[in-house]
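Okay, sequence plus prediction incoming.
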Amino acid sequence: AELLLTVSNVLLVLGLRRAIMEGPQDPSAEVDEDAPSPALFLGVPESTFTTGAFGILGTVTLFLVLGLNVFNFEGHDAFLAGIGNLPSDLVSSVGLPEEPVNALSIPTWAVHFSSVAEFIFAMGLVWQYAGVTGNEKWKGVTWGMLPSHASGVAACTYHFFFNAAAVSFLVTLQAGLTFLGNTTLAIACYRLAVSNGWTVSELNPFRNKEAEAAAEAAEAAAMA
């Protein structure tokens, strides 16, 4: 789940970055040949990151479909076959208590922390895009994303304490923040869409066909 969140975060950040760098499209504006190319990120083509993100998506999907039957995965099998796990003898040698079976490995923690950090980065880019477009409703989208970020922090906190019963309230808190975040983000996106001229009638999948039929009827009436 966290890997899939990372995939969506990467695609979101790359898309916003390109939109900010390109800015509003003005056909009469002169092209700055020395400006950094929006198609490059850290000197690497954006397509490389996009391909990698979709590669992760495909890999996760494959393991979800085949994991239980082909690879015989169990509920608490190590992520990435245990790569990055701290050896139990090393943990005991430094005086740390033995981790329970549901403890997260270092790669899993890396994915958790990176997904939270990427989400903050995306929130910042959305805020910047408000200045690029001149539409302040984009800043409302950033505020609408805030509860979802808090939900991720709650999840990381719960895992930090090994999902202990004493902090089980964090599960309910995370669920509530996720629901709140989905709601606030939906409202913010609705306000943004309306500010750009969108109407609820556009949800009708037959709207264009009805408009075409009405136009044909009007044309036929004019010719009669």
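Cool, got the structure.

CA only for contacts and neighbour counts going forward, please
Fine.

Distance check, Thr6 against Val13.
Taking CA to CA, to the nearest Å as the measure, Thr6 falls 10 Å from Val13.

Mind checking which of these two has more residues around it?
The residue with more neighbours, out of Thr6 and Val13, is Thr6; 22 against 19, by other CA atoms under 10 Å.

Show me which residues of the helix or strand encompassing the more buried one are buried.
Using DSSP states H and E, the element containing Thr6 is helix 2-22. Residues 2-20 are the ones in helix 2-22 that count as buried (16 or more other CA atoms under 10 Å).

Quick one: the strands in this structure, in order.
40-41, 44-45 (DSSP state E).

quick one: which of those strands has the weakest pLDDT on average?
Lowest mean pLDDT within the strands of the chain: strand 40-41, a mean of 52.

Give the closest residue to Val116 in space, chain neighbours not counted.
Gly152 (6.3 Å; CA to CA, 6 or more residues apart in numbering).

isn't the one you found right next to Ala117, touching?
No. With contact defined as CA atoms under 8 Å, Gly152 does not count as touching Ala117 (10.0 Å).

Counting neighbours, go ahead and name the busier of these two.
Neighbour count, other CA under 10 Å: between Gly152 and Ala117, Gly152 has more, with 21 against 16.

how close does the more buried one sit to Gln174?
In terms of CA to CA, Gly152 sits 7 Å off from Gln174.

what does Thr50 give?
In terms of CA to CA, Thr50 sits 29 Å off from Gln174.

now Met223
Distance from Met223 to Gln174, by CA to CA: 63 Å.

quick one, which of those two is more surrounded?
A direct count of neighbours by other CA under 10 Å for Met223 and Gln174 places Gln174 higher, at 22 against 7.

Identify the spatial nearest neighbour of that one, chain neighbours not counted.
Per CA to CA, 6+ apart, closest to Gln174 is Ser151, 4.7 Å.

go on, Leu5?
Residue nearest to Leu5 in three dimensions, not counting chain neighbours: Ser115, with 6.5 Å by CA to CA, 6+ apart.

right, and that neighbour touches Ser8 too?
No. Assessed by CA under 8 Å, Ser115 is found out of contact with Ser8, at 9.4 Å.

and the residue nearest to Gln174, what does it touch?
173-175, 177-178 (CA atoms under 8 Å, 6 or more residues apart in numbering).

Would you mind listing which of these are buried?
174, 177-178.

tell me which of these is nearest to Pro107?
Closest approach between the buried ones among the contacts of Ser151 and Pro107, by CA to CA: Gln174, at 22.2 Å.

which ones are touching the closest one?
150-152, 154-155.

residues near Trp198, how many?
With other CA under 10 Å as criterion, Trp198 counts 13.

Oops, could you answer that again for Asn196 instead?
11.

Relative to Gly144, how far out is it?
Distance of Asn196 to Gly144, given as CA to CA: 18 Å.

again, but for Met123
Going from Met123 to Gly144 by CA to CA gives 9 Å.

for Val132, same thing?
Counting by CA to CA - Val132 and Gly144 are separated by 19 Å.

Those two: which is more packed in?
Gly144 (22 against 16).

Spit out the contact partners of that one.
181, 184-188.

Asn163 now?
Asn163 sits next to Asn102 when contact means CA under 8 Å, 6+ apart.

ditto for Ser148
The contact partners of Ser148, by CA under 8 Å, 6+ apart, come to 177-178, 180-182.
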